[in-house]
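Trainee: Can you look at this prediction? I've put the sequence above it.
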Amino acid sequence: MNKKTVITILALVCTLTLHAENKPWMNKNLPIRERVNSLLDQMTVKEMIAELNLVPYYAEQDSAFRAAVAKGRVGAVLKASGTALNRSLQKLALKNNHLSIPLMFHEDVIHGYKTISPIPLAEACSWDTAMVRRSAAVAAKEAAAAGLQLTYAPMLDISVDPRWGRIMETSGEDPFLASAMARARTLGFQGGSLSSPFTVMACIKHFAGYASLTAGRDYLYTDFSQRQLEERYLPPYRAAIAAGAGSVMCSYTSFNGIPATFSRFLNHDVLRDELHFDGLLMTDWCTLSNAITEGASPDGRTSAERGIKCGIEMDMTSHRFIDNLEDLVNSGAVSKDIIREAAFHALEAKFKVGLFDDPYLYFNEKREKEVIGSEEIRQACLDMATESMVLLQNKNDVLPLSTDKKIAVVGPFAEQQEMLMGKWTAKGDASKVITVAAGMREAAAHVSVGASDYRTPADSCTACYDAAQSADVVIVCLGEHTGYIGEATSTARISLPNNQLKLLDKLYQSGKKIVVVLFNGRPLQTDFILAHCDALLEAWYPGTMGGRAVANLLMGKAVPSGKLCQTFPRESGQIPIFYNMYRTFGNIRHLDIADGPQFPFGFGLSYNKYGYSNMSVSTNSAAIGTPITVSVDITNKGSREGREVVQLYVKDIIATVVPKLKELKAFRSVTLSPGETKTVSFTLDDDAFKILNDEMKWTVEKGDFEIQVGCDSEHVLTKKIHLGD
Ligand code: GLC
């Protein structure tokens with residue numbers, strides 16, 4: 001090695017050493033907490049406040065955005081993605097920051113970034129936490145490859161109101177299943193290391209109780225009890241926080257009349273003290289300004305003061321923090337310590353995702369090209385879509401179809417691409433979506449297609465009738481326009497538009513075999529559909545690979561195994577209707593329609609019949625705290641290998657409060673060959689029998705319980721046990 005090289009290396013080592021000594025926070029061998037505090041010790045209040053400012057990027061306002069970055073007024077960015085753009089913004093930030101503080105990039109990667117998986121409500125119908133975790137992991141891989149480090153997901157709200165457009169983002173009506181999904185998605189997004197360029201930080205939302213809004217109308221006021229908070233809304237947060245979720249987003253709505261964005265009870269007493277969350281808490285979009293609009297704050301200064309004092313640490317897009325906090329500190333209204341605490345979590349997140357060790361870690365254009373849209377990711381989305389679809393009717397085993405059949409694929413969703421992705425589709429590429437028609441052409445030999453438009457009157461759907469004329473079986477692809485689903489959308493009705501029902505009726509009158517495939521993001525009214533078809537497959541919004549998943553199922557290349565995670569009402573007048581209601585002393589029902597739901601929670605058919613037998617419990621009476629083992633034999637009476645989701649519910653017979661009808665406490669998927677029997681066993685600990693008692697304490701009360709095992713929440717085998725003396 002020549003002299004010049006040695007001198008260069010020595011100079012480099014000295015520079016790095018000096019650099020590390022002058023900036024100990026750049027020393028990756030120190031614990032993150034130490035690095036953050038050493039950085040904070042060097043920061044002014046102004047610089048700390050900038051870290052609390054989360055700013056949206058709009059291409060049309062690029063120069064103004066860059067000016068704000070150059071002035072050091074931006075801490076984190078949302079809505080900017082792509083390695084080229086984000087690298088350039090990072091470079092600009094670092095050039096203008098003497099402390100080497102990088103930007104962090106956020107986005108709504110809810111069910112995929114470019115390659116889209118099924119909507120979360122659909123994924124939860126798989127009851128397959130490993131598959132859901134994989135779906136989140138590949139979404140994270142694409143997002144990180146596109147220059148992102150944090151996603152505003154998983155959404156943990158629990159809804160019992162299909163009128164609410166955001167029900168599509170939830171994991172269904174049950175806290176136990178939703179908690180399992182919360183954990184799976186958090187682990188999937190965050191992976192084994194947050195500083196890997198293939199993972200992103202999760203931001204669980206919307207804390208808390210957003211889904212309890214009135215009449216299913218988005219943003220409308222919420223009024224729910226602390227019992228509802230504890231029993232229904234907090235369990236998924238407990239699960240996600242235990243799984244290591246790095247951040248939380250507050251809700252648009254209120255608790256006990258106080259906006260969540262101002263709620264010390266929610267954001268400090270519950271989130272920090274009860275749930276022991278120690279990560280970053282941010283607002284939802286403009287909530288500090290929304291509070292002014294709804295009359296809960298006179299101005300931005302008050303909003304900033306109330307927000308920071310209740311525990312909010314990052315202000316998404318309202319700019320109330322950046323505009324007011326410095327004055328509030330200078331006037332003594334807000335302490336510097338509170339600002340420092342907030343800035344700690346904002347900076348800690350950047351250290352955790354590795355941006356201080358390599359601020360360009362996520363901006364690798366080669367990796368971006370290799371990862372995005374890869375076959376690995378498409379396959380994961382296909383598998384997820386296949387397991388998330390639910391077979392709701394199959395008269396005379398019309399499905400699966402044989403390849404010698406002449407098949408027509410018709411209707412407004414027959415060749416639909418954009419709407420198969422649903423909503424919250426980030427940079428989803430509609431041109432890559434496999435339509436039902438394309439999927440069927442891959443899977444069957446004799447396929448004719450007759451697509452219609454969403455609003456085409458039934459009498460004008462000639463292409464549909466022409467294609468159906470020479471077919472043995474007609475696959476009718478119906479669904480709800482995605483304009484009625486997602487944020488800021490609610491519907492009073494949950495039925496398909498009349499033109500689609502009329503189209504179905506006319507096709508049904510032809511006497512052909514009719515298979516309806518439904519594309520929707522909420523439980524819909526299905527009575528007319530069921531009466532006018534032989535088979536009904538609930539496909540939800542299945543994402544990029546949706547058409548291939550539909551074809552695989554209809555042609556028997558895969559066997560349906562999805563089970564509903566949300567009760568299907570008979571019609572909207574029944575809402576709310578869900579399986580785990582509190583009991584009452586009389587069954588007062590709506591007299592003008594049949595009783596009970598159209599389809600219960602946990603329902604889903606297969607091409608096989610599964611027999612449940614020989615249920616046993618390890619004891620009929622035990623002391624509280626004794627593990628209880630429950631076993632049951634499952635037999636595949638069908639002719640295909642298939643997966644069955646075995647569900648276990650517990651009914652508390654007598655308690656100090658009114659107990660629920662029943663509650664899901666365990667579930668397990670089991671795959672069975674034709675004729676095969678397997679014994680499925682569950683071991684229940686105290687958690688399966690706990691109730692929030694009359695003193696608001698979670699405890700196991702002595703008494704009788706009914707343990708129920710079955711294929712859905714209504715068809716169960718039962719055993720009674722007694723706990724306590
Ligand atoms: C929206 C949503 C939230 C989303 C955020 C950023 O209004 O409520 O779920 O993550 O703003 O887009």
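Mentor: Here it is on my side, so go on. Residues are numbered from 1 along each chain as shown.
Trainee: so what's Glu123 up against?
Mentor: Counting by CB atoms under 8 Å, 6 or more residues apart in numbering, Glu123 touches His111, Ser117, Met131, Val132, Ser135, Ser171, Met181, Met384, Ser388. No exception for glycine: its C-beta is placed from N, CA and C like everyone else's.
Trainee: Look up how far Phe599 lies from Leu501.
Mentor: Using CB to CB, to the nearest Å, Leu501 is found at 18 Å from Phe599.
Trainee: okay, these two: which has more neighbours?
Mentor: Phe599 (26 against 16; other CB atoms under 10 Å).
Trainee: quick one, phi psi at the more buried one?
Mentor: phi -130, psi 130 (degrees, to the nearest 10).
Trainee: And His206, by the same measure?
Mentor: The phi/psi pair for His206 (degrees, to the nearest 10) is phi -110, psi 120.
Trainee: Leaving out chain neighbours, which residue sits closest to Asp299?
Mentor: Distances taken as CB to CB, 6 or more residues apart in numbering place Ile292 nearest to Asp299, at 6.5 Å, with adjacent residues excluded.
Trainee: from memory the one you found sits against Arg306, does it?
Mentor: No. Using CB atoms under 8 Å, Ile292 makes no contact with Arg306, being 10.8 Å away.
Trainee: Provide the backbone phi and psi angles at Asp595.
Mentor: Residue torsions, per degrees, to the nearest 10, at Asp595 are phi -80, psi 160.
Trainee: Tell me who's in contact with it.
Mentor: Contacts of Asp595 by CB under 8 Å, 6+ apart are Asn587, Arg589.
Trainee: And the helices in the stretch 501-650 of the chain, which stretches?
Mentor: For the stretch 501-650 of the chain, the helices defined by DSSP state H, counting those that start in this stretch cover 527-531, 546-554.
Trainee: Adding mean neighbour count, write those out as CSV.
Mentor: Formatted as CSV, those follow (neighbours: other CB atoms under 10 Å):
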stretch, mean neighbour count
helix 527-531, 16
helix 546-554, 28
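Trainee: Can I get those in JSON lines including distance to the ligand and mean pLDDT?
Mentor: Formatted as JSON lines, the helices of the stretch 501-650 of the chain follow (distance: least, CB to the nearest ligand atom, whole Å; pLDDT from 0 to 100):
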{"stretch": "helix 527-531", "distance to the ligand": "31", "mean pLDDT": "98"}
{"stretch": "helix 546-554", "distance to the ligand": "23", "mean pLDDT": "98"}
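Trainee: Residue of the stretch 1-150 of the chain closest to the ligand, please.
Mentor: Asp108 (4.8 Å; CB to the nearest ligand atom).
Trainee: State the distance from that residue to Lys205.
Mentor: When Asp108 is compared with Lys205 (using CB to CB), they lie 10 Å apart.
Trainee: and the closest residue to Ser510 other than its chain neighbours, what is it in contact with?
Mentor: Once flanking residues are discounted, Ser510 sits nearest to Ala468: 6.2 Å by CB to CB, 6+ apart. Contact analysis of Ala468 by CB under 8 Å, 6+ apart lists Ala408, Val410, Gly450, Val474, Leu507, Ser510, Lys512.
Trainee: coming back round to it: check what pLDDT the residue of the stretch 1-150 of the chain closest to the ligand gets.
Mentor: The model reports Asp108 with a pLDDT of 98.
Trainee: Tell me if I'm right that it and Thr151 touch.
Mentor: Yes. Contact status for Asp108 versus Thr151: in contact at 6.9 Å, counting by CB under 8 Å.
Trainee: These two: who's more crowded?
Mentor: Between Asp108 and Thr151, Thr151 has the larger neighbour count (other CB under 10 Å), namely 26 against 20.
Trainee: Quick check: the gap between the more buried one and Met201.
Mentor: From Thr151 to Met201 the distance is 7 Å (CB to CB).
Trainee: Name the residues contacting each of these two.
Mentor: Contact criterion CB under 8 Å, 6+ apart; residues bridging Thr151 and Met201 by contacting each: Phe189.
Trainee: Quick check: residues of the stretch 451-600 of the chain near the ligand?
Mentor: Glu487 (CB under 6 Å from any ligand atom).
Trainee: For the ligand, what is the nearest residue in the stretch 451-600 of the chain?
Mentor: Here the stretch 451-600 of the chain gets closest to the ligand at one residue, Glu487, 5.6 Å apart by CB to the nearest ligand atom.
Trainee: in what helix or strand does that residue lie?
Mentor: Assigning secondary structure by DSSP states H and E places Glu487 outside every helix and strand.
Trainee: Contacts only, for it.
Mentor: Contacts of Glu487 (CB under 8 Å, 6+ apart): Gly165, Arg166, Asp218, Lys423, Trp424.
Trainee: what two of those residues have the greatest distance between them?
Mentor: Spatially, the most separated pair among the contacts of Glu487 is Asp218 and Trp424, at 13.6 Å (CB to CB).
Trainee: Comparing those two, which residue is more hemmed in?
Mentor: The residue with more neighbours, out of Asp218 and Trp424, is Trp424; 25 against 17, by other CB under 10 Å.
Trainee: Let me see the contact set for the more buried one.
Mentor: Asp108, Ile110, His111, Ile119, Met168, Glu169, Gly486, Glu487.
Trainee: measure the last one to Tyr237 for me?
Mentor: If I follow you right, that is Glu487. The value you get for Glu487 to Tyr237, if CB to CB is used, is 20 Å.
Trainee: ditto for the fifth one
Mentor: Note on Met168: its distance to Tyr237, by CB to CB, is 20 Å.
Trainee: same thing with the second one?
Mentor: With distances defined as CB to CB, the gap from Ile110 to Tyr237 amounts to 17 Å.
Trainee: all helices in the stretch 151-300 of the chain, in order from the N-terminus.
Mentor: 175-190, 226-228, 235-242, 264, 287-293, 300-310.
Trainee: three-state assignment of Lys678?
Mentor: strand (DSSP: H, G, I helix; E, B strand; the rest coil).
Trainee: Could you list the alpha-carbon positions for stretch 28-39 in CSV?
Mentor: Extracted in CSV, the C-alpha atoms of stretch 28-39 (Å, rounded to 0.1, in the frame of the first residue of the first chain):
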residue,chain,number,x,y,z
LYS,A,28,-23.8,3.4,16.0
ASN,A,29,-22.2,1.5,18.8
LEU,A,30,-24.1,3.6,21.4
PRO,A,31,-27.6,2.6,22.6
ILE,A,32,-30.3,4.5,20.7
ARG,A,33,-31.6,6.2,23.8
GLU,A,34,-28.1,7.6,24.5
ARG,A,35,-27.7,8.7,20.9
VAL,A,36,-31.1,10.5,20.9
ASN,A,37,-30.3,12.3,24.1
SER,A,38,-26.9,13.4,23.0
LEU,A,39,-28.5,14.9,19.9
